[in-house]
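Engineer: Using only what follows, build the 3D model:
(chains A and B)
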Amino acid sequence: MRLAQHMAVASDRVRATAIEATEFPDLSRSYRVMAVPKIVINDRVEFEGALPESEFLSAVLRAASAEA
Amino acid sequence: MALLNDQDQAAVRKEFEKLAGPVKLVVFSQELSESAELCRQNEELIREVAALAPDATVEVLNLAIDRDRAAAYGIDRVPATVVEGARDYGIRFLGIPSGYEFSNLIDSMIVASSGEPGLSAETRASLAELGSDIDIKVFSTPT
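Structural biologist: Purely as a prediction, here's the structure:
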């Protein structure tokens, strides 16, 4: 979550939401959360586990280009 | 009984020495819902954390009553917490930020207080050029 929230501060375009998976089983089911941390960007790019900053950014940019 | 023991409080106070400005925590709760107990615990935790910061305020809103505010923040579930600094940067917590998320709550308050993200120049430059909105959801568990 750390990188996501720092990115939110860096850009008005970015919103970062930390979700406690066990408290929201419906969301966890919808997003097929099998392991944590699981990161879902714009409901289309997703990955599990912590990534280095450059790879996290790549995932954000992939999601952004899919919107374009 | 306090949720944070003396050791936790001392550690948070130490971290809060990095706070660079005021922070506001907007908590959404809902009594008379199946989440009422979780909401109560979340409010308690957020109030305890805010009390450890020199300049942090807490506003508690009701999801069912303060609908316009909830919609403006994009909140449709409780318990939820918005972390704001000089403005709303888009940092949200759904559920009680305990365990692993607790340190992220503290970190988010620090970064929101300054508005200065701890990211490389390259990352900042890329984010500055974003042409569409980005919604990042991070699922985690307390342990």
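Engineer: can you map out the helices along the chain?
Structural biologist: Unless you meant another one, I'm taking chain A. Per DSSP state H, chain A carries helices over the ranges A:2-10, A:25-30, A:53-67.
Engineer: That was the other one, I meant chain B.
Structural biologist: Using DSSP H, the helices of chain B run over B:6-15, B:36-51, B:67-73, B:100-114, B:121-128.
Engineer: CSV for those, including distance to chain A?
Structural biologist: Where C-beta positions appear, they are placed from N, C-alpha and C, glycine not excepted. Conversion of the helices of chain B to CSV gives the following (distance: least, C-beta to the nearest C-beta, whole Å):
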stretch, distance to chain A
helix B:6-15, 13
helix B:36-51, 6
helix B:67-73, 10
helix B:100-114, 4
helix B:121-128, 4
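Engineer: Any idea which of those gets closest to B:Arg92?
Structural biologist: Comparison of the helices of chain B against B:Arg92 by C-beta to C-beta identifies helix B:67-73 as nearest, at 7.4 Å.
Engineer: mind listing what's buried in that closest one?
Structural biologist: B:69-70, B:73 (16 or more other C-beta atoms under 10 Å in any protein chain shown).
Engineer: ok, so of the residues you listed, who is nearest B:Leu52?
Structural biologist: Using C-beta to C-beta, these come closest to B:Leu52 at B:Tyr73, 23.9 Å.
Engineer: Just give the closest residue to that closest one, not the sequence neighbours.
Structural biologist: Excluding its sequence neighbours, the residue lying closest to B:Tyr73 (C-beta to C-beta, 6 or more residues apart in numbering or on different chains) is B:Val82, at 5.4 Å.
Engineer: Next, the contact list for A:Phe56, please.
Structural biologist: A:3-4, A:7, A:39 (C-beta atoms under 8 Å, 6 or more residues apart in numbering or on different chains).
Engineer: of all those residues, which comes closest to chain B?
Structural biologist: Closest to chain B out of the contacts of A:Phe56 is A:Ala4 (4.3 Å), distances taken as C-beta to the nearest C-beta.
Engineer: With B:Asp88 as the reference, measure out to the residue nearest to the closest one when sequence neighbours are not counted.
Structural biologist: Using C-beta to C-beta, 6+ apart and skipping the chain neighbours, the partner closest in space to A:Ala4 is A:Ala16 (3.7 Å). Remark: distance between A:Ala16 and B:Asp88 (C-beta to C-beta, to the nearest Å) = 12 Å.
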